[in-house]
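Return a 3D structure for these sequence lines:
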Amino acid sequence: VEVRTISGSVTVRGHDEPALLVLNTVSGDGEISGVQGELVVHSVTGDLEITSKKLERARLRTTNGDIDLRTALTADARFDMEAINGDLRLDIIGGVNADFDIETFNGSINNDFGPEAEAVSRYTPGKSLRFTEGDGGARVRIKTLNGTISLRNR
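The predicted structure is shown next:
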């Protein structure tokens, strides 16, 4: 499924079946629910709210907007979330076996799993956090230029 919108919000509701969803928004918010499989989402000046029972792949990018993603990870999941001027939140449902690579140039990192973010340099405000939860396997990369990153286990 491919969805594009300019100057308007969009809502996509799936039937909890695996699929590939490609969503592009400009000046509009996006709400996605009930989609499994793979998501490719690009947004400019809009917030995204995504809820799924489980995802295998997610490539989510935003410029001037926030992304809230709530899902379980499959054993070999690959997630890539990126923002320029936006907050990123990942709520992981259930058990977690993943390798995390998290970075922010100007913002904070909130992590429910325990390890604390470290300063990238004493001369810049950036923070990074790399760790493995459980046995690893799934890979999660989250990066923002200006914004807060929140990683939660629900």
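
in this protein, which ranges drop under the pLDDT threshold?
Within the chain, no stretch has pLDDT under 70.

make it 90
Applying pLDDT under 90 to the chain flags residues 114-116, 118-126, 154.

wait, doesn't Asn64 sit right on Asp87?
No: look at Asn64 against Asp87 with CB atoms under 8 Å: they stay out of range, at 11.2 Å. To be clear about C-beta, it is placed using only N, CA and C from the backbone, and glycine gets the same treatment.

Going by how many neighbours each has, rank the two and give me the top one.
The neighbour comparison of Asn64 against Asp87 (other CB atoms under 10 Å) goes to Asp87, with 20 against 15.

what does stretch 68-79 contact?
47-58, 60, 81, 89-94, 96-98, 137-142, 154 (CB atoms under 8 Å, 6 or more residues apart in numbering).

Among those residues, which ones are in strands?
In strands, defined here by DSSP state E, the members of those are 48-58, 60, 81, 89-92, 98, 138-142.

Out of the residues you listed, which end up buried?
Among these, the ones that count as buried by 16 or more other CB atoms under 10 Å are 48-52, 55-56, 58, 60, 81, 89-92, 98, 138, 140-142.

quick one: the helices in this structure?
Counting by DSSP state H, the chain has no helices at all.

Taking the centroid of it, which residue is nearest it?
Met81 (4.1 Å; CA atoms, centre = their mean).

Tell me how far that one lies from Tyr123.
Separation of Met81 from Tyr123 (CB to CB, to the nearest Å): 26 Å.
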